[in-house]
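>>> Need coordinates for the below:
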Amino acid sequence: MPPLLSPDEFERIVAEAVATLPERFSKLIDNVVISVQDEPGPTKRGWETLGEYHGVPLTERSRYAPLVPDEITIFRGPISRVARNREDAVRTVQDTVIHEFGHYFGLADDDMPH
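Prediction:
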């Protein structure tokens, strides 16, 4: 079965999801790289990993900003597999971007509805 979103379309939707974050949050985002990959590395969790956040959450930082950028990665393969259709894939991308930025802002998985 072909992917629900082409690689270019997937990247565009990720960029749109980042661009539509509310200003009260987006103005606090600094030194974060957003990347798209086809698949995550090996996982032991037993479910599809749709995205990952690597970095130091804002709530755990000292007054000095980290030199290395934080990174949010969104995975095209798992999102294509869990989505029922194209519309669901777009919504899943948007939800995953919001979820991973939640980690950037210091929220745990249990703190977020997505």
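
>>> For E48, pull up the helix or strand it's in.
Element membership for E48, per DSSP states H and E: none, as it lies in no helix or strand.

>>> got a list of what the residue lying closest to it once chain neighbours are set aside touches?
Leaving aside its sequence neighbours, E48 sits nearest to P78 (C-beta to C-beta, 6 or more residues apart in numbering; 3.8 Å). Using the backbone N, CA and C atoms, a C-beta is placed for each residue, glycine as well. Contacts here follow C-beta atoms under 8 Å, 6 or more residues apart in numbering; on that basis P78 touches E39, P40, E48, T49, L50.

>>> P78 should be in a strand, yeah?
No: using DSSP: H, G, I helix; E, B strand; the rest coil, the assignment for P78 is helix, not a strand.

>>> and the nearest residue to L21 once chain neighbours are set aside, how many residues sit next to it?
In space, and not counting its chain neighbours, L21 is closest to F101: 6.6 Å by C-beta to C-beta, 6+ apart. For F101, the count of nearby residues is 24 (other C-beta atoms under 10 Å).

>>> what about F101, which SS state?
On the basis of three-state DSSP, F101 is classed as helix.

>>> That one is in contact with F25, isn't it?
Yes: if you go by C-beta atoms under 8 Å, F101 and F25 touch, sitting 7.0 Å apart.

>>> quick one on the thing from earlier: quick one: buried ones out of the contacts of P78?
Among the contacts of P78, the ones that count as buried by 16 or more other C-beta atoms under 10 Å are P40, T49, L50.

>>> Closest to I72 out of those residues?
L50 (11.3 Å; C-beta to C-beta).

>>> in the protein, which spans are strands?
32-37, 51-54, 70-75 (DSSP state E).

>>> most packed of these?
Using mean count of other C-beta atoms under 10 Å, the stretch among the strands of the chain with the largest mean neighbour count is strand 70-75, at a mean of 21.

>>> Find the nearest non-adjacent residue to the most centrally placed residue in the chain, please.
Centroid-nearest residue in the chain, with C-alpha atoms, centre = their mean: V97, separated by 3.4 Å. The shortest distance from V97 to any non-neighbouring residue, by C-beta to C-beta, 6+ apart, is to A17 (3.9 Å).
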